[in-house]
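Enquirer: pasting the structure only:
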């Protein structure tokens, strides 16, 4: 019958028990079984209860690395031709090669076969410095301890990440007390795992991780999940989208205020949620409560379009940013009256500069100032003309018409006032030099807006 695979052989065992690495508290039980057996295989492990699960894991997974680290502790001293037996494997030798552990002072001699296990160049040891060796041993110890956690509890890092995702990406914003308690329980697992992996706590404390994992799982089910289920449909409960927007816009203090308010958006925090999805969610309410200001509030491809109720700009379309819109009107969702005037919100709106809207602009200007001026527009040249008596003005900036003339309409300024501030400052030319067909321009405009 073939011999079963050995995890420890005599030569490796003799080297390790004489090295400092075995003195680590992590390997206390391993040292005991190494002192007891020169060779360890599955038969011995199965028969002796002294082999704890942690020690078996080390023997099967990391013992070769422990041997490699042990080798690094030794340096070559001298040799002497003399018959004897190798200290490590007890084989007959003709020459004694003396090696010394640079950390504990142990000195042994080995034969030519065992000496080849050490890395020498020209008879001089190529040992790393003590600090380098310590780092290597610490790294190997961390790997060993991490593997032991995985073997005992599964992928703890994955469990931690799963809880962290629920903490920060729950479908509704968790209230501050639940958020802090849940977060503290997750951090307790992280600290324990980190302390254990980095040997800040002894190996025999590992079972303590089980109670931490059980506690956070129970809290997640009984408290976190239960609260989410109960409050999922509460009016104005802050959602994951709300939380993500506040994080991305660097408004963490607002998110914390919502948490302190049991996850509920208030009249004080609603003005900070200026993003499209929030408006979509409350669009019908906004339309109903702002009907005295806007004839239309519409969202298209993420852009918010509005039309004011006031004549003659009723048909002119504007865009307004979601952020500005909610900052001004968010409080109406809580029953407060939107007491701002159209002239106050108008500067936050942007004229939609397309052909249809320009014709609506021309119609509004004609309606407001038609008693003294005539407004014509050429689609071919994208050109606005103003005619006054026997003169005309061209090269007009559409933006100037929107930003200056239309606000005068909203504020109901009289024609003399507008003349002084706008029309009289334009450059006027004799009508005889007007090259466009007024009849054609009028016909085009009539077809577009029915004037």
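Expert: Looks like it came in fine. In this text, all values refer to a predicted model and were calculated from it rather than measured experimentally.

Enquirer: Which parts of stretch 383-397 count as buried, going by neighbours?
Expert: Across stretch 383-397, burial judged by 16 or more other Cβ atoms under 10 Å covers 384-388, 391-394, 396. Heads up, the C-betas are built off the backbone N, CA and C, glycines and all.

Enquirer: how near is residue 276 to residue 322?
Expert: Separation of residue 276 from residue 322 (Cβ to Cβ, to the nearest Å) stands at 5 Å.

Enquirer: more crowded one of those two?
Expert: Ranked by neighbour count (other Cβ atoms under 10 Å), residue 276 and residue 322 place residue 322 first, with 20 against 17.

Enquirer: Touching both of residue 276 and residue 322, which residues are there?
Expert: Residues touching both residue 276 and residue 322 (Cβ atoms under 8 Å, 6 or more residues apart in numbering) are residue 304.

Enquirer: Inside strands: which ones of the buried residues of stretch 383-397?
Expert: If you go by DSSP state E, the buried residues of stretch 383-397 have 384-388, 391-393 in strands.

Enquirer: closest to residue 49 among those residues?
Expert: Nearest to residue 49 among these, counting by Cβ to Cβ, is residue 384 at 97.0 Å.

Enquirer: Against residue 371, how distant is the residue lying closest to the closest one once chain neighbours are set aside?
Expert: Distance criterion Cβ to Cβ, 6 or more residues apart in numbering; nearest residue to residue 384, sequence neighbours excluded, is residue 396 at 4.4 Å. For residue 396, the distance to residue 371 (Cβ to Cβ) stands at 19 Å.

Enquirer: likewise residue 234?
Expert: Distance from residue 234 to residue 371, by Cβ to Cβ: 57 Å.

Enquirer: Comparing the two, which residue is more hemmed in?
Expert: Using other Cβ under 10 Å, the more surrounded residue of residue 234 and residue 371 is residue 234, with 12 against 7.

Enquirer: which SS class is that one?
Expert: Here residue 234 is coil, with the state taken from DSSP: H, G, I helix; E, B strand; the rest coil.

Enquirer: How about it, nearest residue that isn't a chain neighbour?
Expert: Nearest residue to residue 234 in three dimensions, chain neighbours excluded: residue 264, at 7.1 Å (Cβ to Cβ, 6+ apart).

Enquirer: give me phi/psi at the one you found?
Expert: Geometry field for residue 264 lists phi and psi as phi -100, psi 130, criterion degrees, to the nearest 10.

Enquirer: if we can go back for a sec, and which of the ones in strands among the buried residues of stretch 383-397 is nearest residue 292?
Expert: Once Cβ to Cβ is applied, the member of those that ends up nearest residue 292 is residue 384, at 31.5 Å.

Enquirer: Who is residue 386 paired with across the strands?
Expert: Applying DSSP bridges to residue 386 gives these bridge partners: residue 375, residue 393.

Enquirer: for it, what are its contacts?
Expert: Going by Cβ under 8 Å, 6+ apart, residue 386 touches 373-376, 392-393, 396, 423, 426.

Enquirer: Run through who's touching stretch 293-310.
Expert: Contacts for stretch 293-310 (Cβ under 8 Å, 6+ apart): 276, 279-280, 283, 286-287, 290-292, 314-322, 325, 338, 340, 342, 345-346, 349, 352, 410.

Enquirer: How about residues contacting the one helix or strand residue 360 maps to?
Expert: Assigned by DSSP states H and E, residue 360 belongs to helix 355-369. Defining contact as Cβ under 8 Å, 6+ apart, one finds that helix 355-369 is touched by 311-313, 315-317, 351, 373-377, 379, 384, 398, 401-402, 405-406, 408-409, 415, 418, 445, 448-449, 451.

Enquirer: what about 7 Å?
Expert: Defining contact as Cβ atoms under 7 Å, 6 or more residues apart in numbering, one finds that helix 355-369 is touched by 312-313, 315-317, 351, 375, 377, 379, 398, 401-402, 405-406, 409, 415, 445, 448-449, 451.

Enquirer: Just the buried residues from the residues you listed, in ChimeraX please.
Expert: For anyone working in ChimeraX, the buried entries among the contacts of helix 355-369, judged by 16+ other Cβ under 10 Å, can be selected with:
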select :312,313,315,316,317,351,375,377,398,401,402,405,406,409,445,448,449
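
Enquirer: any chance of the ones in strands among the buried residues of stretch 383-397 in a markdown table, plus distance to residue 79?
Expert: Formatted as a markdown table, those follow (distance: Cβ to Cβ, whole Å):
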| residue | distance to residue 79 |
| --- | --- |
| 384 | 104 |
| 385 | 109 |
| 386 | 109 |
| 387 | 114 |
| 388 | 115 |
| 391 | 116 |
| 392 | 113 |
| 393 | 109 |
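
Enquirer: Farthest pair within these?
Expert: Farthest apart among these - using Cβ to Cβ - are 384 and 391, which lie 15.2 Å from each other.

Enquirer: Identify each buried residue in stretch 32-45, please.
Expert: Residues of stretch 32-45 classed as buried: 33-34, 37, 40-41, 44-45 (neighbour count, 16+ other Cβ under 10 Å).

Enquirer: er, stretch 61-80 actually
Expert: Residues of stretch 61-80 classed as buried by neighbour count (16+ other Cβ under 10 Å): 62-63, 65-67, 69-76, 79.

Enquirer: quick check, residue 38 in a helix?
Expert: No: using three-state DSSP, the secondary structure at residue 38 is coil, not a helix.

Enquirer: just checking, it touches residue 13?
Expert: Yes: using Cβ atoms under 7 Å, residue 38 makes contact with residue 13 at a distance of 5.7 Å.

Enquirer: Mind checking which of the buried residues of stretch 61-80 are in strands?
Expert: Those of these lying in strands (DSSP E): 74-76, 79.

Enquirer: ok so, going back, pretty sure the residue nearest to residue 384 contacts residue 381?
Expert: No: contact criterion Cβ under 7 Å: residue 396 and residue 381 do not qualify, at 11.7 Å.

Enquirer: tell me which of the contacts of residue 386 is nearest to residue 90?
Expert: Looking across those and measuring by Cβ to Cβ, the closest to residue 90 is residue 396, at 106.3 Å.

Enquirer: Look up the pLDDT of the closest one for me, please.
Expert: Looking at residue 396, its pLDDT is 80.

Enquirer: pLDDT weak spots in the stretch 301-450 of the chain?
Expert: Scanning the stretch 301-450 of the chain for pLDDT under 70 picks out the ranges 442-450.

Enquirer: try it again with 50
Expert: In the predicted model of the stretch 301-450 of the chain, residues 446, 448-450 satisfy pLDDT under 50.

Enquirer: OK, contacts around the closest residue to residue 427 other than its chain neighbours?
Expert: With sequence-adjacent residues excluded and distances taken as Cβ to Cβ, 6+ apart, residue 427 is closest to residue 393, at 6.3 Å. Applying Cβ under 7 Å, 6+ apart to residue 393 gives the contacts 386, 426-428.

Enquirer: Give the PyMOL command for selecting the buried subset of those residues.
Expert: With 16+ other Cβ under 10 Å as the criterion, this PyMOL line picks the buried residues out of these:
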select buried, resi 386+428
